[in-house]
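> Using only what follows, build the 3D model:
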Amino acid sequence: MDMLRFITAGNVDDGKSTLIGRLLFDSQNILVDQLEALERQSRNQEGEIDLAHLTDGLRAEREQGITIDIAYKYFSTPKRKFIIADAPGHIQYTRNMVTGASHANLIIILVDARHGVAEQTRRHSLIASLLRIQQVVVAVNKMDLVDYSEEVYQNIAMDYAEIAKSLQLTEVKYIPISALKGDNVVRPSAALSWYEGPTLLDFLETVPIEKKVNLEQGRLPVQYVVRPQSPELPDYRGYAGKIISGIYHTGDAVSVLPGGFRSRIKSIECGGKPVEFAYSQQSVIIELEDDLDISRGDLIVPHDQWPRLEQDLDLMLCWMDSKPLKRGGRYLLQLNSLRVNAIVKDLVYKLNVNSLVKEDAPEQAGLNDIIRATIRTAAPIPFDAYKDLPSTGGAILIDVTSNLTVGACMIQ
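Below you'll find the model as predicted:
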């Protein structure tokens, strides 16, 4: 049985947490004790259960009626397993949404039928585009508050189609729902008889999942150097890590970057057992024929499949710190297990979230801004373009004083 990872996004109060609660409740994925606790804690003034409390677990979230942190829920149906990330809608928590979206196969963008497309709708759609999320569901929620109007639904679909076109989002599905009432979430609704498409759950169960496993370009970041120095293995030196793409065979000629050293694979160990080959998503220990100066952060690649090796990087980034990003700012760049000092050379342009046009180079970037920037690292680093291989093209910027993650980067 395959697994779909998806995230809910959209403006604040569009009903993201309620939708997830409805999915779990109507698909009978809530345990009896969970349901009893929910009934005790969340009866509203009309005596109904507040399904949003299934994901809004923090006290501050329940008191304020908002989502602050990413919440993950797991459920399954006879057709598929699911991992759901419930993302905050407030603009100040956009960085949390970026974190959840970075692992998603699909994004559900909720739109309040009363208000239509909002700024956060555009912002979250832009982030989905930057992160190369192929499948987008536009769930027009709260249809019960607009008398289930087909005209309202069609107008919102047309408005969003313009955004999708400008962001080159090609796989977009529009579904009218009411998460509070349960209309068209798990079961069809007579109130939406004019809608002829699938329910939300039907679509989630059948949508094709893009397999992100790349078996072509070998990339193995070294996480740890294994040196037992035991009587049985006095000279053993293995390099442990997770293969993020490609296939590695015993005897393969490889290069170790950024140093450029060359050797051959002497042995591969996977799951505590020797194997002749290993492939993407497997965690392994590789032993090389030569003693080389290799440490955490180095990248082992087939000798004829080098990535780019440069100091000057051109990237799109979502700024995630209240302190502004400025030219000359110094940070740590982390790419997989590699950390290197970096300086911001230039801010090339800023993307206007509302108009989705490129604005002239700003003096600085603020919280949640989407920026095209160039940086220079202290030494050449190996990388691929994010559009070609996200696993070696996605990085983060870390503040050297606070050690906080301040920027999510997509190398161009």
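
> CA only for contacts and neighbour counts going forward, please
OK.

> quick one: buried residues of the host helix or strand of T99?
Secondary structure from DSSP states H and E places T99 in helix 94-101. By 16 or more other Cα atoms under 10 Å, the buried positions in helix 94-101 come out as 94-98, 100-101.

> Same question for stretch 111-130.
111-114, 116-117, 120-130.

> Which SSE is immediately downstream of the one helix or strand E205 maps to?
For E205, the element it lies in under DSSP H and E is helix 200-206. For helix 200-206, the following helix or strand on the C-terminal side (DSSP H and E) is strand 220-221.

> Need the residues that contact that following strand.
Residues outside strand 220-221 that contact it (Cα atoms under 8 Å, 6 or more residues apart in numbering) are 241-245, 296-301, 336-337.

> pLDDT of it, averaged?
For strand 220-221, mean pLDDT is 97.

> Same question for stretch 86-94.
69.

> Can you get me the start-to-end distance on it?
End-to-end span of stretch 86-94 (Cα to Cα, to the nearest Å): 12 Å.

> Output the below-cut-off pLDDT ranges for the protein.
The chain contains residues with pLDDT under 70 at 31-70, 89-93, 211-212.

> Show me how it divides into domains.
The chain breaks down by automatic domain parsing into domains covering 3-206, 220-302, 308-411.

> chain center to the second one, what's the gap?
Just to be clear, that refers to domain 220-302. Its chain's C-alpha centre and that of domain 220-302 lie 28 Å apart, by Cα atoms, centre = their mean, to the nearest Å.

> returning to that earlier point: in TSV: the contacts of strand 220-221, plus secondary structure.
Listed next are the contacts of strand 220-221 as TSV, based on DSSP: H, G, I helix; E, B strand; the rest coil:
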residue	secondary structure
G241	strand
K242	strand
I243	coil
I244	coil
S245	strand
R296	coil
G297	coil
D298	coil
L299	strand
I300	strand
V301	strand
N336	coil
S337	coil
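
> Scan the residues you listed and report the most crowded one.
L299 (29 neighbours; other Cα atoms under 10 Å).

> Can you name the residues bridging to that one?
Beta-bridge partners of L299, counted by DSSP bridges, are P221, L257.

> Keeping just the C-alphas, turn the lengthiest helix in the chain into CSV.
The residue-count maximum for a helix in the chain (DSSP state H) belongs to helix 150-167. Coordinates of each C-alpha in helix 150-167 appear next as CSV, following Å, rounded to 0.1, in the frame of the first residue of the first chain:
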residue,chain,number,x,y,z
GLU,A,150,-22.2,27.2,-7.8
GLU,A,151,-21.6,30.7,-9.0
VAL,A,152,-19.5,31.5,-6.0
TYR,A,153,-17.5,28.3,-6.5
GLN,A,154,-16.9,29.0,-10.2
ASN,A,155,-15.8,32.6,-9.6
ILE,A,156,-13.2,31.4,-7.0
ALA,A,157,-12.0,28.7,-9.4
MET,A,158,-11.5,31.2,-12.2
ASP,A,159,-9.6,33.6,-9.9
TYR,A,160,-7.3,30.8,-8.7
ALA,A,161,-6.8,29.6,-12.3
GLU,A,162,-5.0,32.9,-13.0
ILE,A,163,-2.6,32.3,-10.1
ALA,A,164,-2.0,28.7,-11.2
LYS,A,165,-1.2,29.9,-14.7
SER,A,166,1.3,32.5,-13.5
LEU,A,167,3.0,30.0,-11.2
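
> mind listing the helices for the protein?
Assigned by DSSP H, the helices in the chain fall at 16-26, 32-41, 59-64, 94-101, 119-130, 150-167, 200-206.

> Now distance to V136 too, for those helices, in TSV please.
Output for the helices of the chain, formatted as TSV (distance: least, Cα to Cα, whole Å):
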stretch	distance to V136
helix 16-26	15
helix 32-41	30
helix 59-64	27
helix 94-101	12
helix 119-130	8
helix 150-167	9
helix 200-206	11
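
> For F75, find the nearest of the ones you listed.
Closest to F75 of those, according to Cα to Cα: helix 16-26, at 7.2 Å.

> quick one on the thing from earlier: which stretch among the helices of the chain comes nearest P231?
helix 94-101 (44.9 Å).

> which residues touch that closest one?
Under the criterion Cα under 8 Å, 6+ apart, residues 6-7, 9, 69-70, 85-88, 107, 124, 127-128, 131, 318-320, 368, 408 lie in contact with helix 94-101.

> chain center to it: distance?
7 Å.

> With stretch 390-406 instead?
With Cα atoms, centre = their mean, you get 15 Å for stretch 390-406.

> Do me a favour and get the end-to-end distance for that stretch?
Rule used - Cα to Cα; the end-to-end distance of stretch 390-406 is 19 Å.

> Centre-most residue in the protein?
Most central in the chain under Cα atoms, centre = their mean is S102, positioned 1.1 Å from the mean C-alpha point.

> For that residue, give me its contacts.
For S102, the contacting residues are L131, by Cα under 8 Å, 6+ apart.

> From S149, how far off is it?
Distance from S102 to S149, by Cα to Cα: 34 Å.

> cool, I268 as well?
In this view, I268 and S149 are 61 Å apart by Cα to Cα.

> Next, give phi and psi for the residue nearest to the centre of the chain.
Note on S102: its backbone torsions stand at phi -70, psi -20 [degrees, to the nearest 10].

> same check, this time on A179
Given degrees, to the nearest 10, the pair of backbone angles that A179 has is phi -70, psi -40.

> How about it, nearest residue that isn't a chain neighbour?
Once flanking residues are discounted, A179 sits nearest to L19: 4.8 Å by Cα to Cα, 6 or more residues apart in numbering.

> Kindly report the same for G218.
Using Cα to Cα, 6+ apart, the nearest residue to G218 is G246, at 3.8 Å.

> Could you report the neighbour count for that neighbour?
The burial count for G246: 19, using other Cα under 10 Å.

> what about E162, how many neighbours?
Considering only other Cα under 10 Å, E162 is surrounded by 11 other residues.
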